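K.L.:
no FASTA, just this:
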């Protein structure tokens, strides 16, 4: 993970305001550059860099939620109990043999923290801060959890799995790959894989059916599906013939897809910024050359006056000046051709799954619940990450609240949220219980709609949704187009 993603200061009201202002200023810069590009045309090279900065800032904000989700799910499988809220501080207990954890942390004598958190400086009252581990990439405890999870469960993943897909009419295979982008060679011809860190890493998903036609597939597609018993493998039909050959062909297609959709984008981004970087290098070498010339003049004067200590340094400056032109040309040439050095340095198949259709009502109901669970998690993460909120799930039918979540934000504000998830896109409906609650609560009632949960989820947030709804036979319906138009931006 990138070092820039790590939190470096306590999350306070001042920090929150600074982050908000920084985001708004960054967006204003992007918009200003975009407007100027239409007239001058030479600023387009900056847009990719600014967009990348915004992506880093956004990921910085979302990182605690990703870590919290991972730790919550994997801890029980590793014999670890987490009691409490990871966004505050949760107590850590190792229930099974914990020798692997000390081994992963690199020091058998290391004392485990009493509490863990995904936020910095969130020690409970009366608990010293050094008793709370701040979970993040680079933290020995978190890195140990990741390494142990990969080692224990990668064989299960490699064996593959069988899933139901109620939305499909034909069986198909789905495969997930890891793609790492780096520089294949350095100027001294050393292998980049062993010399520097990778530049980027992404997941690639593909699928294919019995026709043999391949197509891209969202990497998180399998998360929305349901596990199927091995006894139903026969439903895959012709897909069961020569599976290894099919997977090998899929590997080739996935590699080509990664080359076209990831590698070429990375190369294009570097080319767009190459001129700016070369100008910066040119100015840097010119300044450095000027400093050396000024120092040489001063050292020559001191040597003429009999300062013997200046002789050695003067020889060093002369040597640096002699190599300066060569170093400058070499650096500029390398920067100019750096995009051509980018390549896929590691491409690995992570998993293959066989997916069979199932149109039964039970399967459709379970699939819908999976979609809703994805939407609920995204909605809760948004509140935690943007508002440092304590979020309570009140969606149980017996509570009959008329909404799914209660969010108690750090600034003292309390709102209620109705969450709607869609595997794809479509209208949403407010039930007879949700409609009057929304009508009574009004500004404190929010509708969070997560579309494309089965592929690339996207959240739309609408305040006081009652104004958009219209009565149908048994529910109140809101068209997706109206939701998108009324959605509040971050």
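P.N.:
Received the coordinates, thanks. The structure presented is a predicted model; accordingly, all values stated were derived computationally and were not measured. Numbering: from 1, shown residues only.

K.L.:
can you tell me how far the closest residue to residue 153 other than its chain neighbours sits from residue 366?
P.N.:
Setting aside the residues directly before and after it, residue 153 is nearest to residue 77 in space (Cβ to Cβ, 6 or more residues apart in numbering), at 7.7 Å. Yep, even glycine has a C-beta here, placed from its N, CA and C like the rest. Residue 77 is 22 Å from residue 366, where distance means Cβ to Cβ, to the nearest Å.

K.L.:
With neighbour numbers in mind, choose between those two.
P.N.:
With neighbours defined as other Cβ atoms under 10 Å, residue 77 and residue 366 compare such that residue 366 has more, 17 against 11.

K.L.:
surely the more buried one meets residue 227?
P.N.:
No: judged on Cβ atoms under 8 Å, residue 366 makes no contact with residue 227 at a distance of 9.8 Å.

K.L.:
Pull the contacting residues for the residue nearest to residue 127 when sequence neighbours are not counted.
P.N.:
Of all residues not flanking residue 127 in the chain, residue 115 sits nearest, at 6.4 Å (Cβ to Cβ, 6+ apart). Contact analysis of residue 115 by Cβ atoms under 8 Å, 6 or more residues apart in numbering lists 84, 89, 90, 91, 92, 123, 124, 127, 131, 132, 133.

K.L.:
The third one: neighbour count?
P.N.:
Other residues within reach of residue 90 by the criterion other Cβ under 10 Å amount to 24.

K.L.:
what residues are up against it?
P.N.:
By Cβ under 8 Å, 6+ apart, the neighbours of residue 90 are 82, 83, 84, 115, 116, 117.

K.L.:
Narrow the residues you listed to just the buried residues.
P.N.:
For these, a neighbour count by 16 or more other Cβ atoms under 10 Å gives the buried set as 82, 115, 116, 117.

K.L.:
Check those residues against residue 223 and report the nearest one.
P.N.:
For residue 223, the closest of the buried ones among the contacts of residue 90 turns out to be residue 82, at 21.2 Å, with distances computed as Cβ to Cβ.

K.L.:
so which strand or helix has that closest one?
P.N.:
strand 80-83 (DSSP states H and E).

K.L.:
With residue 384 instead?
P.N.:
Following DSSP H and E, one finds residue 384 within helix 361-387.

K.L.:
thinking again about what came up before, now intersect the buried ones among the contacts of residue 90 with the strands, please.
P.N.:
The strands, defined by DSSP state E, take in 82, 115, 116, 117 from the buried ones among the contacts of residue 90.

K.L.:
now those as CSV including distance to residue 258 and pLDDT?
P.N.:
Output for these, formatted as CSV (distance: Cβ to Cβ, whole Å; pLDDT from 0 to 100):
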residue, distance to residue 258, pLDDT
82, 36, 89
115, 41, 88
116, 35, 88
117, 36, 86
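
K.L.:
now the strands: where do they sit in the stretch 51-200 of the chain?
P.N.:
For the stretch 51-200 of the chain, applying DSSP state E, counting those that start in this stretch gives strands covering 80-83, 90-94, 115-117, 132-134, 161-165, 172-183, 200-209.

K.L.:
Please identify the most buried of these.
P.N.:
strand 115-117 (a mean of 24; mean count of other Cβ atoms under 10 Å).

K.L.:
May I have the strands that pair with that one, each with its orientation?
P.N.:
Strand 115-117 sits in its sheet next to strand 90-94 (antiparallel), strand 132-134 (parallel), going by DSSP bridges.

K.L.:
how about CSV for these, with mean pLDDT and distance to residue 412 added?
P.N.:
CSV is the format used below for the strands paired with strand 115-117 (pLDDT from 0 to 100; distance: least, Cβ to Cβ, whole Å):
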stretch, mean pLDDT, distance to residue 412
strand 90-94, 87, 24
strand 132-134, 85, 25
